[in-house]
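Visitor: Next comes the sequence, and after it the predicted model I'd like to discuss.
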Amino acid sequence: MPKSQNQKSRLLYLAQIMALETDEQHTLSMSDLISRLNDYSVAVDRRTLYQDIDMLSVSGFEIESVGAARSTSYYYSGRNFSLPEL
C-alpha cells in the first residue's frame, strides 16, 4: 500500500506510461521506464520499480514482460481494441 503522495502518483504515472506508450511492438526497458518517470519529476530506483510493476499486475493492470534477465522489457497488454479497429 502506498505510504506517501509520491508513491501514489508514481503508480499512476507508471500506469499511464504503460497504457499510452507501450504495446507488443513497443516495449520499454527498466531504464526507459525510469527515464519516463524522471520526465514527470518522479525519482525511482530499479528495485522499487520492479515492486511497482508487480503491484500493478496484482491489481489487474495487465503488464507483460519479454526478454530475459538484463534485457527484459515491459508492455501493457490489456487493450481491447487496436487503433485501426477504432
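Guide: Noted; the coordinates are in hand. Computed from a prediction, not measured in an experiment: that's the story for all the values here.
Visitor: Tell me where this protein has strands.
Guide: Assignment of strands within the chain using DSSP state E yields the ranges 28-29, 63-66, 73-76.
Visitor: And the least confident helix or strand in the chain by mean pLDDT, how far out from the chain middle?
Guide: Least confident helix or strand of the chain, by mean pLDDT, DSSP states H and E, is helix 5-21 with a mean of 90. Computed by Cα atoms, centre = their mean, to the nearest Å, the chain-centroid distance of helix 5-21 equals 7 Å.
Visitor: Begin at 53 from now on, thanks
Guide: That works, and once the first residue is 53, the last one we named lands at helix 57-73.
Visitor: tell me what that helix is packed against?
Guide: On a contact count with 3 or more Cβ pairs under 8 Å, 6 or more residues apart in numbering; DSSP states H and E, helix 57-73 meets strand 80-81, helix 82-91, helix 98-110, strand 125-128. Every C-beta, even on glycine, is put in place using the N, C-alpha and C of the backbone.
Visitor: and the shortest one, what's its mean pLDDT?
Guide: Looking back up the chat, that one is strand 80-81. If you average the pLDDT over strand 80-81, you get 96.
Visitor: which helices and strands sit right next to it?
Guide: Packing contacts for strand 80-81, counted by 3+ Cβ pairs under 8 Å, 6+ apart, involve helix 57-73, strand 125-128.
Visitor: For the shortest one, give the mean pLDDT please.
Guide: This predicted structure assigns strand 125-128 an average pLDDT of 96.
Visitor: Packed most tightly, which of the strands of the chain would that be?
Guide: A comparison of the strands of the chain by mean neighbour count, using mean count of other Cβ atoms under 10 Å, puts strand 125-128 on top with a mean of 20.
Visitor: Neighbouring strands - and their directions - for that strand?
Guide: The strands that strand 125-128 pairs with in its sheet are strand 80-81 (antiparallel), strand 115-118 (antiparallel) (by DSSP bridges).
Visitor: deepest of the helices and strands packed on strand 80-81, which one?
Guide: strand 125-128 (a mean of 20).
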